[in-house]
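> Pasting the sequence and the predicted coordinates here, then a few questions.
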There are 2 protein chains.
Amino acid sequence: MTANEQGAGETAIQGPRKPKTARGKKTRAKILRAAEECFGTLGYHQAGITDITRYAGVALGSFYSYFSGKEDAMRELVREMGYNLRAHLAQNVAGATDRVDAEVRGLRAFLEYIRDHPWMYRILQEVQFVDEAVYREYYDTFSEHYARLLSEATQAGELRPGNNQVRNWALMGMGHFLGMRFALWEQDVPMDEIIKTMDDLLRHGLARSDQ
Amino acid sequence: MTANEQGAGETAIQGPRKPKTARGKKTRAKILRAAEECFGTLGYHQAGITDITRYAGVALGSFYSYFSGKEDAMRELVREMGYNLRAHLAQNVAGATDRVDAEVRGLRAFLEYIRDHPWMYRILQEVQFVDEAVYREYYDTFSEHYARLLSEATQAGELRPGNNQVRNWALMGMGHFLGMRFALWEQDVPMDEIIKTMDDLLRHGLARSDQ
DNA sequence: AACCTATATGAATAATGATTCATGTTTCAT
DNA sequence: ATGAAACATGAATCATTATTCATATAGGTT
């Protein structure tokens, strides 16, 4: 019986509802986009509901028509972002010649995505301190998809035998930090250079004499 | 002219001061340890100054005797943690036979450190949203040390040629995520398994046929 | 037109918690 | 012993803000 339920015979005077008309959908969307902007630029705690509704061009109370509170909007944003990013990656990885190629294409797509959605990064990281379960959910979902791909590649003999779960998280960490440093903080190293370096690392490792 | 200055002829009625006696040092330390505990378990925003001083066993006002505010204590903690961690790693990496061996020893030491200091992780991550400059400073400092080591190893012919700055951040990211997932969230994969996997990855890459 | 539901509004509420400061206590050099 | 500096105290201040709710408007159906 969450605050979000919408059973037919609901007695609650008011509460967050799913929009039922086009007007409602539009308003909810405006608020969500405004929340993204505000959380992204001001941060979760700094951003007030008034900031969000002012930016959205709606009244304060309208926020609570569609979200049960500030946390709720944050959660929704993270889920939405996870969905969008996964779709973007799947699209860009299609057509890879082998698993490492897929990794590298995925990395490039990821870096480009961060560059084009700089707020996503901040919101995703900050949700860790707002609702940790959602943060874990995000990465666990990601990890599940990933693990399947790696295990298929191993079965196909493309990868060296090894613990793919560990590799999985190592690869996510690489992407995360490369995105933070080279897409978000400073774009001082050309994308191709990053990709080339990582391609070499994933194909041959770091060590020179390889035996 | 920061609030923290302690010039001789200071006219400010009161303000944060460096402790000048043994008693003062002890109190300041008690408060800092309490802040670590509170920020770590409750989170920065949830933790109140009253929580910190209650836990430390001192009066509310004493907090402001040694710190200019909540943020100041957070900053101090992060700097302290960075210093301690770097010392711990340097100690554990000494005696490595080659650069990859050093990487792997460093990773093990890092994972052990996180396991033994579970709060460090949360505090470091959360400072990103409290004072981003301190967060960057932490990683930039880390990165500087790291870059020197990698470039020396390259000069010595131990590493394949490549962009060490990119590798640098990729390696930090790996460590970060492996620590989060396998030391903090769930300790369901034995340390040796993690180390073996990463040793293989760094020595040979992911791809099976290596040409 | 009458009516019902969904949607929109924003002033008022209510709780919180960081910071200040006037006052009291301890320490220690002389 | 004594005075001054360092240290400790916690009630009071002050500002901030998430959330509620009574009321008003819009859209569409009969």
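Great, that's in hand. Numbering: from 1, shown residues only, chains lettered A, B, ... in the order given.
> Which residue lies nearest the spatial centre of chain A?
Centrality entry for chain A: nearest residue to the mean C-alpha point is A:G82, 3.8 Å, by Cα atoms, centre = their mean.
> Can you point out the helix or strand that includes it?
In the assignment (DSSP states H and E), A:G82 maps to helix A:70-93.
> Which other helices and strands does the helix or strand following that helix contact?
Using DSSP H and E, the helix or strand that directly follows helix A:70-93 along the chain is helix A:99-116. Contact analysis of helix A:99-116 by 3 or more Cβ pairs under 8 Å, 6 or more residues apart in numbering or on different chains; DSSP states H and E lists helix A:70-93, helix A:118-127, helix A:132-155, helix A:164-178, helix A:191-204 as its packing neighbours. In this view, the C-beta of every residue, glycine as well, is placed from N, C-alpha and C.
> List the buried residues of helix A:99-116.
Going by neighbour count (16 or more other Cβ atoms under 10 Å in any protein chain shown), the buried part of helix A:99-116 is A:99-111, A:113-114.
> what helix or strand is the residue in chain A positioned nearest to DNA strand C on?
For chain A, the residue closest to DNA strand C is A:G61, as judged by Cβ to the nearest atom of the strand, at 1.7 Å. Here A:G61 sits within helix A:60-66, counting by DSSP H and E.
> Next one: A:S209, what pLDDT does it get?
A:S209 is assigned 72 on the pLDDT scale.
> does it count as helix, strand or coil?
Three-state call for A:S209 (DSSP: H, G, I helix; E, B strand; the rest coil): coil.
> what does chain A put close to DNA strand C?
Applying Cβ under 7 Å from any atom of the strand, we find that chain A lies next to DNA strand C at A:14, A:17, A:19-21, A:23-27, A:58-62, A:64-65.
> picking that back up, next up, the contacts around the residue nearest to the residue nearest to the centre of chain A when sequence neighbours are not counted.
Among residues not flanking A:G82 along the chain, A:Y138 sits closest, at 5.0 Å (Cβ to Cβ, 6 or more residues apart in numbering or on different chains). Shown in contact with A:Y138 (Cβ atoms under 8 Å, 6 or more residues apart in numbering or on different chains): A:V78, A:R79, A:G82, A:L124, A:V127.
> Can I have the buried ones of these as a PyMOL selection?
Buried members of these, defined by 16+ other Cβ under 10 Å, are picked up in PyMOL with:
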select buried, chain A and resi 78+82+124+127
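> from the contacts of A:Y138, which is closest to B:Q155?
Using Cβ to Cβ, A:L124 comes nearest to B:Q155 of the contacts of A:Y138, at 38.2 Å.
> which residues does the nearest residue to A:M172 once chain neighbours are set aside contact?
Distances taken as Cβ to Cβ, 6+ apart place B:F177 nearest to A:M172, at 5.4 Å, with adjacent residues excluded. Contacts for B:F177 (Cβ under 8 Å, 6+ apart) come out as A:W169, A:A170, A:M172, A:G173, A:H176.
> can you list the domains in chain A?
What automatic domain parsing lists as the domains of chain A is A:22-68, A:72-204.
> Dump those domains into TSV; add mean pLDDT as well.
Formatted as TSV, those follow (pLDDT from 0 to 100):
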stretch	mean pLDDT
domain A:22-68	97
domain A:72-204	96
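> Next, A:V58: secondary structure please.
Per three-state DSSP, the secondary structure class of A:V58 is coil.
> let me redo that: A:R17
A:R17 is classified as coil under three-state DSSP.
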